[in-house]
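Enquirer: Got a predicted structure plus its sequence, pasted below:
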Amino acid sequence: MYKLKIVLLLIIIIATLGSCNARQDKNNTTTTENAGSIYKKNISQYVNITLFDDYARKNGHCIGALIEGNTVAASMSDFKEAGNCKFSFPGVKSEPVTRGYTYSNPFLNLVFLKVSGPSHPCTPIESEINKGDSVYFIEIQNGYIQRFNIFVNDSVTIENYKAFKTNTTIKNGMLLYSKNHKIAGVTTNIPNFKGSTIIIPAQTLAELLSKKDEKALLLPGLRLQKAKKYPNPQDIDLFIVETNMGNFSIKLWDINSIYSKNFIKLVSDGYYDSLLFHRVIPGFLIQTGAADTKYAHSGDLVGYQGPGYTQETIIDHRFYHKRGAVAMSKPPEFNNTHNRTDGAQFYIIIGRKHSEAELDELEQRKGYKYTPEQRSMYLNIGGAAYLDNDFPVFAEIFNGMEVLSKIANSDINSNERPAKDVRVKRITIKLR
């Protein structure tokens with residue numbers, strides 16, 4: 001009787017490994033024994049992700065797909081409120097955390113997450129799928145690994161990237177395999193394709209992997225990314241800044257710089273609306289853009305929260321810290337070992353006039369030569385020459401400097417915050 005039970009159990013396992021909720025692939029010649037080991041290996045690349053909010057509280061779960069040793073692909077829409085996350089790999093006791101994301105594309109609803117710790121074994125991305133192909137995904141149901149075949153339907157182009165539709169409803173972040181058991185793609189959902197699951201195919205995944213950053217960005221930065229078109233920098237004339245102390249306008253210097261493009265995106269998304277000028281130093285500068293100032297109370301210590309990401313520091317010597325210059329600030333040195341700029345905070349130079357001797361000393365100390373125009377500006381109009389070559393300037397005040405002078409003369413507390421709130425009501429874009 002005992003032997004009979006063992007035989008029956010083996011029959012059930014063999015049948016389960018070949019089961020599916022769609023058409024069974026008759027051309028699959030893999031033996032049951034080999035298939036079992038392959039499926040066991042492949043399912044180790046299905047990742048359960050536990051999401052946490054900004055206060056380290058659990059706030060949900062989602063699925064991801066291990067597509068490279070330390071890279072997990074998932075749907076961006078699952079990370080709307082995520083401050084951090086942990087990964088759970090089948091058969092692995094440890095739960096590594098994310099180092100952040102290395103690539104994101106809101107149009108594809110796709111994000112690549114960087115896994116901390118050692119690299120994980122991963123099936124290579126070698127397959128190329130086409131319309132009409134049959135691919136499969138696997139799940140553990142009732143303790144058994146089960147395979148489900150699906151058909152690849154119409155090809156679609158999303159922001160110049162190739163993708164496919166399938167009429168089968170599948171969870172986001174599911175890894176798909178081809179007949180040769182190589183990675184065929186990852187599933188996601190996109191609002192413009194309601195009723196269909198979108199497959200990001202292997203060939204597109206390979207292309208996107210080549211675009212990922214080496215340095216991971218913090219997850220909260222995903223909240224600001226939206227699948228929408230932003231104004232063309234060439235079409236923008238001015239940025240109109242409305243405050244409770246008057247209005248002024250900003251004009252970009254280099255429309256193609258990373259700072260200009262980032263500023264356009266943040267303004268378009270309303271990031272700066274209702275934020276405070278949280279730092280005011282008379283005769284020097286005024287600063288805004290800290291996310292923690294939006295709902296700050298009087299006396300709160302603010303100015304330490306950005307959009308969730310930083311930017312590379314790139315200095316263009318054509319642009320300098322004359323009076324009215326607009327430049328990106330940096331996090332404190334103790335928390336900025338890679339010398340990066342903040343993702344959103346910027347300051348505006350009020351400045352003072354410099355002497356010839358002071359400019360000569362700065363040139364010698366910084367190894368930087370001022371042009372006649374720059375020297376004349378610092379001598380006759382003023383600025384903050386000692387910041388040159390350290391912080392990237394990307395714009396200037398076009399009009400309304402008198403409003404900024406009034407803000408700069410505000411009464412401030414010991415933390416350089418105005419005693420009476422000075423708030424950015426909104427920033428709007430004026431097109432040419």
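Expert: Yep, it's here.
Enquirer: Let me see the ranges of the strands in the stretch 151-300 of the chain.
Expert: 155-158, 161-166, 175-177, 183-188, 197-201, 236-243, 246-252, 277-281, 285-288 (DSSP state E, counting those that start in this stretch).
Enquirer: Any chance of TSV for those strands, columns mean neighbour count?
Expert: All C-beta atoms are positioned from the backbone trio N, CA, C, and that covers glycine. Compiled in TSV, the strands of the stretch 151-300 of the chain are given as follows (neighbours: other Cβ atoms under 10 Å):
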stretch	mean neighbour count
strand 155-158	14
strand 161-166	20
strand 175-177	24
strand 183-188	28
strand 197-201	26
strand 236-243	19
strand 246-252	18
strand 277-281	22
strand 285-288	23
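Enquirer: Go through these and name the closest to residue 40.
Expert: strand 175-177 (12.9 Å; Cβ to Cβ).
Enquirer: So for residue 406, which of the strands of the stretch 151-300 of the chain sits nearest?
Expert: Comparing these by their distance to residue 406 (Cβ to Cβ), the top pick is strand 246-252, with 6.9 Å.
Enquirer: For residue 378, which three-state class applies?
Expert: Secondary structure, DSSP: H, G, I helix; E, B strand; the rest coil: residue 378 is helix.
Enquirer: for it, what are its contacts?
Expert: Listed by Cβ atoms under 8 Å, 6 or more residues apart in numbering, the contact set of residue 378 reads 322, 353, 354, 359, 370, 385.
Enquirer: and the fourth one, that's in a helix?
Expert: To tie it back to what came earlier, the one meant is residue 359. Yes - checked against three-state DSSP, residue 359 lies within a helix.
Enquirer: ok, now which ones touch residue 263?
Expert: For residue 263, the contacting residues are 239, 252, 346, 394, 395, by Cβ under 8 Å, 6+ apart.
Enquirer: so the fourth one sits right up against residue 256, yeah?
Expert: Looking back up the chat, that one is residue 394. No - assessed by Cβ atoms under 8 Å, residue 394 is found out of contact with residue 256, at 10.5 Å.
Enquirer: Check the separation of the first and last residues in stretch 315-326.
Expert: 13 Å (Cα to Cα, to the nearest Å).
Enquirer: buried residues in that stretch?
Expert: Within stretch 315-326, the residues that count as buried by 16 or more other Cβ atoms under 10 Å are 319, 320, 321, 322, 323, 324, 325, 326.
Enquirer: repeat for stretch 252-262
Expert: For stretch 252-262, by 16+ other Cβ under 10 Å, it's 252, 253, 254, 255, 257, 259, 260, 262.
Enquirer: Identify the residues contacting that stretch?
Expert: Against stretch 252-262 from outside (Cβ under 8 Å, 6+ apart): 233-234, 236, 239, 263, 311-312, 314, 316, 318-319, 328, 341, 343-344, 392-396.
Enquirer: In strands, which of those residues appear?
Expert: 236, 239, 311, 328, 341, 393, 394, 395, 396 (DSSP state E).
Enquirer: between those residues, which has the most around it?
Expert: When neighbours are taken as other Cβ atoms under 10 Å, the top entry among the ones in strands among the contacts of stretch 252-262 is residue 328 (27 neighbours).
Enquirer: Tell me what the closest residue to that residue other than its chain neighbours is bridged to.
Expert: The shortest distance from residue 328 to any non-neighbouring residue, by Cβ to Cβ, 6 or more residues apart in numbering, is to residue 341 (4.0 Å). Beta bridges link residue 341 to residue 311, judged by DSSP bridges.
Enquirer: Residue 341 against residue 315, yeah?
Expert: No - using Cβ under 8 Å, residue 341 is not in contact with residue 315; the gap is 10.5 Å.
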